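Peer 1: Sequence and predicted model, in that order:
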Amino acid sequence: MHTGTGKGSARSRAGAILMAVLGSIPLTAAQAAAPIVDASQMVRAEGPRWVTREGKPIVLKGANLGNWLINEFWMMGQGKHGIDDQCRLEAVLDRRFGYPERERLMKLFRDNWMTPKDWDLLASFGVNLVRVPFIHTVVEDEKKPGQLRADAWHYLDWAIREAEKRGIYVILDLHGAAGSQGWEHHSGCAGRNQYWSVPDYQKRTVWLWQQVASRYKDRPSVAGYSLLNEPWGTDSANMAAVVDTLYHAVRAVDPNHVIILPGHVKDDIKAYGDPKARGMKNVAFEMHPYPGHFGWKTAGREVHREWLRCEPDGKGGVCDWDRRIRELDTPFYLGEIQPWASMGLELGGQVARASFDTYARLGWAATAWSYKYVSNKGGHGEGTWGMVTNAAGAEVPTLDFNTAPKGEIEALFRRFGSLPYEPHGPLLRWMTSPTAPDPFAIGAR
C-alpha cells in the first residue's frame, strides 16, 4: 500500500522533530530506525492469536489517542470550576456562545490536539497500533439523532490516513455511546448511565456501528472495532447480551474485521462463555489491566513483577490469563495499560518495555494510555501518563470555562498545537532498543 519512499520520509520527519524537541540529546541508532510496519494486510483472529491475512502471527503494540475525540480534562490541565466532562463543557459553550460557536471551538481543539507532528512523534516510539477513542457525536448528528453529521468521517478518516502513512494499524473505540454506558466522566457525560435503560440509545448505537463498519469494511489498516469502552453501568450478563446484538449488527455489513468484546469490571469476560458457542467469529476479548493504579497496589517494580512474572506462585498474573485465553481459543487485547507512570523515568521505561515484550510473547495486542498528557507546569517528573508531555516550563493555564473570554478559550485550544513537547526519554529509548532490559533482576536500577 505504501512505497518505500513514503515510509522513509515518515521516519525522517519523526527523527527531525525528535531532534528539535530533545535539543542536544542524541538519538541512538535504534531510535533513528524505529520499526515501521506494513499495515496493508488486514489482521484477523486465528485461535488465540492475532494474525495477518496469510496466517502469520503479528505483534500489535501501541497507544491510545486519549483526550482527542472525547475529552478527559485531567489530561490537559483542566477540569476545575465544575467543567470536568465533555457534556458539561459543550453545555456551557452552547449557553455562552451558541451551538455554531461551540462546534467551531471543539473543532479548533481537535485540530490542535492531534497534528502531523504528533503522528510523527508517536511513530518514533516504534508502535504499530493506535486505539482511537471517540464519542458518538463525532459521527452522529446530535441535533438529528440517527443521522450522520455533515462531517461525520472527517476525523476518523484523517486518523486512519495518518496512521497508514506511518505503517500503523487503528482500532476504533466507541468510548462514549449515546446515553453513556457508564457513570464515569470518560463516557462523555458523568453520572448519566442511561444507555442501558433507554432502548433508543441502544438502537442508535447499532445504527452507528453499522455506519462505521460499512465505511471501513474493506480498510486493511483498521485492525478492529472496540464496540463499547468499559460498559460497566449494568451487570455483566446484560452487557454480554447487548454486545452480542452489536456484534451481529456489525457482522451484517462487515464480514472482515475483528470485533472486540469488552470485559466487565466485576467479573471480566466470564459472561460471554465461549464466543464460538454464540456463533461469533473473528472476535477478540478486551480488558484493561492497570497494575499499580486504581486500587491495584502501588505503582512500582514489585506490582509489575508480580503481574508479568506471575508471582508469588507462578499461577496468577498474566499466566492465569494466558491459560484462559488459550482455553477459549480467542485473541486478547489489552486496550488500556499504564506500565511507566509514577515510577521514575528510567525504571518506568524499562518496565514498559518488559510489559510490551511479555504481551508480545503471549500473542496479545496492547495499547498504552496514553500517547499524550499535558499538565499546567509541564515536564515528566517521576513519570506522567503520556509518552510525551509539554516541556517543563511550557505552562498551560487552567481556565474557568464558565467565565473565560472566548479569546482565552481559543488561545488555550490553539496552544495545544504549538506546545514544545518533552518525550519520555527512557521510554523512547527502551521501546526502540534492539536489546531489552530486565527491570526485575537483582540489582536492577
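Peer 2: Received it, and whenever you're ready, just let me know what you need. Numbering: from 1, shown residues only.
Peer 1: Count the residues that sit near residue 334.
Peer 2: The tally of other residues near residue 334 (other Cβ atoms under 10 Å) stands at 23. Every residue, glycine included, has its C-beta placed from N, CA and C.
Peer 1: Distance of residue 424 relative to residue 386?
Peer 2: Residue 424 sits 7 Å away from residue 386, going by Cβ to Cβ, to the nearest Å.
Peer 1: Which one of those two is surrounded by more residues?
Peer 2: Each of residue 424 and residue 386 has its neighbours counted (other Cβ under 10 Å); residue 386 has more, 27 against 24.
Peer 1: Find the helix or strand that the residue lying closest to the more buried one once chain neighbours are set aside is a member of.
Peer 2: Nearest residue to residue 386, sequence neighbours excluded (Cβ to Cβ, 6 or more residues apart in numbering): residue 373, at 3.1 Å. Using DSSP states H and E, residue 373 maps to strand 372-373.
Peer 1: re the thing from before, who touches both of residue 424 and residue 386?
Peer 2: Counting by Cβ atoms under 8 Å, 6 or more residues apart in numbering, the shared contacts of residue 424 and residue 386 are residue 380.
Peer 1: Surely the residue nearest to residue 386 touches residue 381?
Peer 2: No: Residue 373 is beyond contact range of residue 381, at 11.0 Å (criterion: Cβ atoms under 8 Å).
Peer 1: more neighbours, these two?
Peer 2: Taking neighbours as other Cβ under 10 Å, residue 373 and residue 381 compare with residue 373 leading, 23 against 14.
Peer 1: Contacts only, for that one.
Peer 2: 66, 75, 384, 385, 386, 388, 389.
Peer 1: can you check residue 51 too?
Peer 2: 43, 44, 45, 57, 58.
Peer 1: if we go to 7 Å?
Peer 2: Residue 51 makes contact with 43, 44, 57, 58 under the criterion Cβ atoms under 7 Å, 6 or more residues apart in numbering.
Peer 1: What does it show for phi and psi?
Peer 2: Residue 51 adopts backbone torsions of phi -130, psi 160, taken as degrees, to the nearest 10.
Peer 1: beta partners for it?
Peer 2: Residue 51 has these beta-bridge partners by DSSP bridges: residue 44, residue 57.
Peer 1: roughly how far apart are it and residue 226?
Peer 2: 19 Å.
Peer 1: And for the nearest residue to residue 136 once chain neighbours are set aside, the neighbour number?
Peer 2: Distances taken as Cβ to Cβ, 6+ apart put residue 178 closest to residue 136, at 5.0 Å, once the chain neighbours are dropped. A count of nearby residues for residue 178, using other Cβ under 10 Å, gives 25.
Peer 1: so what strands line up beside the strand holding residue 373?
Peer 2: Paired strands of strand 372-373, with direction, are strand 388-390 (parallel) (DSSP bridges).
Peer 1: The strand it pairs with: which residues count as buried?
Peer 2: For strand 388-390, a neighbour-count test (16 or more other Cβ atoms under 10 Å) marks 388, 389, 390 as buried.
Peer 1: In a markdown table, list these along with pLDDT and distance to residue 240.
Peer 2: Converted to a markdown table, these look like this (pLDDT from 0 to 100; distance: Cβ to Cβ, whole Å):
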| residue | pLDDT | distance to residue 240 |
| --- | --- | --- |
| 388 | 98 | 37 |
| 389 | 98 | 38 |
| 390 | 98 | 41 |
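Peer 1: Need those residues in CSV (columns: distance to residue 296).
Peer 2: What follows is the buried residues of strand 388-390, written out as CSV (distance: Cβ to Cβ, whole Å):
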residue, distance to residue 296
388, 25
389, 23
390, 28
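Peer 1: wait, which of those residues is closest to residue 140?
Peer 2: Checking the buried residues of strand 388-390 against residue 140 by Cβ to Cβ gives residue 388 as the nearest, at 30.9 Å.
Peer 1: OK, contacts around that closest one?
Peer 2: 121, 372, 421, 422, 423, 424 are the contacts of residue 388 under Cβ under 7 Å, 6+ apart.
Peer 1: Between those residues, identify the one with the most neighbours.
Peer 2: In the contacts of residue 388, the most neighbours by other Cβ under 10 Å go to residue 372, 27 neighbours.
Peer 1: pLDDT score for the closest residue to that residue other than its chain neighbours?
Peer 2: Excluding the flanking residues, the one nearest residue 372 by Cβ to Cβ, 6+ apart is residue 386, at 4.9 Å. pLDDT recorded at residue 386 is 98.
Peer 1: Also the one 10 residues further on?
Peer 2: Per-residue confidence (pLDDT) for residue 396: 98.
Peer 1: what's around the closest residue to it other than its chain neighbours, how many residues?
Peer 2: Excluding the flanking residues, the one nearest residue 396 by Cβ to Cβ, 6+ apart is residue 77, at 4.5 Å. Counted with other Cβ under 10 Å, residues neighbouring residue 77 total 21.
Peer 1: okay but residue 77 is in contact with residue 394, surely?
Peer 2: No: applying Cβ atoms under 7 Å, one finds residue 77 not in contact with residue 394, separated by 11.1 Å.
Peer 1: can you list the weak-confidence ranges in this structure?
Peer 2: Applying pLDDT under 70 to the chain picks out residues 1-38, 443-445.
Peer 1: what ranges do the helices span in it?
Peer 2: Taking DSSP state H as the test, the helices found in the chain are 4-22, 29-32, 86-97, 99-113, 116-124, 154-165, 199-216, 236-251, 301-309, 317-328, 345-362, 406-415, 425-431.
Peer 1: Measure how far stretch 49-64 is from the centre of its chain, please.
Peer 2: How far stretch 49-64 lies from its chain's middle: 16 Å, per Cα atoms, centre = their mean, to the nearest Å.
Peer 1: Check stretch 105-120 too.
Peer 2: Per Cα atoms, centre = their mean, the centroid offset for stretch 105-120 relative to its chain is 16 Å.
Peer 1: same check, this time on stretch 404-420
Peer 2: Computed by Cα atoms, centre = their mean, the chain-centroid distance of stretch 404-420 equals 24 Å.
Peer 1: Distance check, the residue sitting nearest the centre point of the chain against residue 167.
Peer 2: Nearest to the mean C-alpha position of the chain, by Cα atoms, centre = their mean, lies residue 64 at 2.1 Å. Residue 64 sits 18 Å away from residue 167, going by Cβ to Cβ.
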